[in-house]
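Visitor: dropping the sequence and predicted coords here.
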Amino acid sequence: MTDEEPRPACRIGVTAEDLAREADRAVLYGAILAAQRPGVTIKPHLLDAVAALLPAVRAYLNGEENDLSSYALEYARACGAEAFLRSKRKPSAPC
């Protein structure tokens, strides 16, 4: 018998890098939810990370073109959630 805890079937073959990306996506999803629904309850273990990312996500969702919004997009790309973030952005106003 090993000292390792048994892994759920969905975790077999999952690398540490996969788990880190999944955790980063959870933070991004939490920040998007908090930006869209102020006052929403975020899981306690995500609170600090969500709070840190929230200004960048708000800037991106509001269509701002600045360093904050660029950071949110790069964060989303890095964790494999770029399409999801883009789908939540407000449409640009016509010129």
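Guide: Happy to help now that I have it.

Visitor: quick check, central residue of this protein?
Guide: The C-alpha lying nearest the average C-alpha coordinate of the chain belongs to Leu28 (CA atoms, centre = their mean; 1.2 Å).

Visitor: end-to-end on stretch 57-67?
Guide: By CA to CA, to the nearest Å, the extent of stretch 57-67 from end to end equals 11 Å.

Visitor: regarding this protein, what is its longest helix?
Guide: Longest helix in the chain by number of residues, with DSSP state H as the criterion: helix 16-36.

Visitor: buried stuff in the helix or strand following that one?
Guide: Elements were assigned by DSSP states H and E; along the chain past helix 16-36, the next helix or strand is helix 47-61. For helix 47-61, the neighbour count (16 or more other CB atoms under 10 Å) marks Ala49, Val50, Leu53, Leu54, Ala56, Val57, Arg58, Ala59, Tyr60, Leu61 as buried. C-beta coordinates here come from the backbone N, C-alpha and C atoms, glycine included.

Visitor: do stretch 34-47 as well
Guide: Ala34, Ala35, Ile42, Leu46.

Visitor: from the buried residues of helix 47-61, which is closest to Glu5?
Guide: Distance to Glu5, by CB to CB, is smallest for Ala49 among the buried residues of helix 47-61, at 24.4 Å.

Visitor: next one: the spatially closest residue to the closest one that is not a sequence neighbour relative to Ile12, how far apart?
Guide: In space, and not counting its chain neighbours, Ala49 is closest to Val27: 4.4 Å by CB to CB, 6 or more residues apart in numbering. Remark: distance between Val27 and Ile12 (CB to CB, to the nearest Å) = 24 Å.

Visitor: more neighbours: those two, which one.
Guide: Neighbour comparison, Val27 and Ile12: the larger count goes to Val27, with 23 against 7 (by other CB atoms under 10 Å).

Visitor: was I right about the more buried one contacting Ala51?
Guide: No: Val27 is not in contact with Ala51 according to CB atoms under 8 Å; the separation is 9.9 Å.

Visitor: that older thread, now do the residue nearest to the centre of the chain, the pLDDT please.
Guide: What the model reports as pLDDT for Leu28 is 97.

Visitor: again with Ser69
Guide: For Ser69, the model assigns a pLDDT of 96.

Visitor: right, I'll leave it there.
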